[in-house]
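Engineer: heads up, no residue letters with this:
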């Protein structure tokens, strides 16, 4: 099963004509998980021809405006469209208070069912298909990074299956990893099956370098990472440290050290809108399999 990702917003604190505020949608089977919901996210859904009412969960990295100001409008739109699910919201300490304040500040004629969970580190939630994990980041407000980890799958060796002429319920038992018996002969599932490793996607937004980045990013198939500053530019690393952000070079170093397979750079500052090539060049010097993503781009892994 493919994991589909839509980059609804790839900009930093100040949006540009090209880049909206942060929002990423991850689709897997019946789950549509929105990571952050910056201002204008609703219109980005429309532009991407996606149905906002299919959202199942909202993961909030932190409560800075460029990552959350789209939430009140999203809640209103869901209510006006008779959203029938319970929206499960996850975020750092203070999330419950801020969600309550949103309902106080904005006049909502109707409300939807929501379930708010404040989290810190470790497992956020599990389903039969995947796990979401989080780690605290080092920003100037409580902030989290998230990993989507697909469960490993048991696959059947079709050639061996064909030779043994196995069919029906027996195959279903093998798929569960159970041994079978045919003509009084026991056949171990391990002889006919193999394990397919699930994919891992990690999203790191708004943080400066800290040990937890490497912990959560370890062995990611895809690392989506903020790249707010150019490390090679004048005062780039100094500014990144001062404002609790990362440089393109640091993002690439994280990908390399964490043994990630591919790096996507996002959270691009408006200061580079005239020429973004140096951002990619800086990262590629450290980690070749790197790409800068644009608003409304989609990918599958």
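Structural biologist: Yep, it's here. Since we're looking at a predicted model, the values are computed, not measured.
Engineer: What sits closest to residue 299 if chain neighbours are left out?
Structural biologist: Sequence neighbours aside, residue 5 is the residue nearest to residue 299 in space, at 5.4 Å (criterion: Cβ to Cβ, 6 or more residues apart in numbering). (Each C-beta comes from the backbone N, C-alpha and C, glycine too.)
Engineer: Sorry, slip of the keys, the one I care about is residue 42.
Structural biologist: Nearest one to residue 42, counting by Cβ to Cβ, 6+ apart, is residue 73 at 5.4 Å.
Engineer: mind checking the SS state of residue 255?
Structural biologist: Per DSSP: H, G, I helix; E, B strand; the rest coil, the secondary structure class of residue 255 is helix.
Engineer: Equivalent analysis for residue 159, please.
Structural biologist: Recorded secondary structure, residue 159: helix (three-state DSSP).
Engineer: ok, now how distant is it from residue 106?
Structural biologist: In this view, residue 159 and residue 106 are 60 Å apart by Cβ to Cβ, to the nearest Å.
Engineer: just residue 264 next, same as before
Structural biologist: Taking Cβ to Cβ as the measure, residue 264 falls 33 Å from residue 106.
Engineer: and if you look at residue 241?
Structural biologist: As judged by Cβ to Cβ, residue 241 and residue 106 stand 36 Å apart.
Engineer: low pLDDT regions in the stretch 101-250 of the chain?
Structural biologist: Within the stretch 101-250 of the chain, the ranges that satisfy pLDDT under 70 run 158, 160-177, 189, 234.
Engineer: Any idea how many residues pack against the residue lying closest to residue 150 once chain neighbours are set aside?
Structural biologist: Nearest-residue entry for residue 150: residue 198, 3.2 Å, with adjacent residues in sequence omitted and distances by Cβ to Cβ, 6+ apart. Burial of residue 198 is recorded as 17 neighbouring residues (other Cβ atoms under 10 Å).
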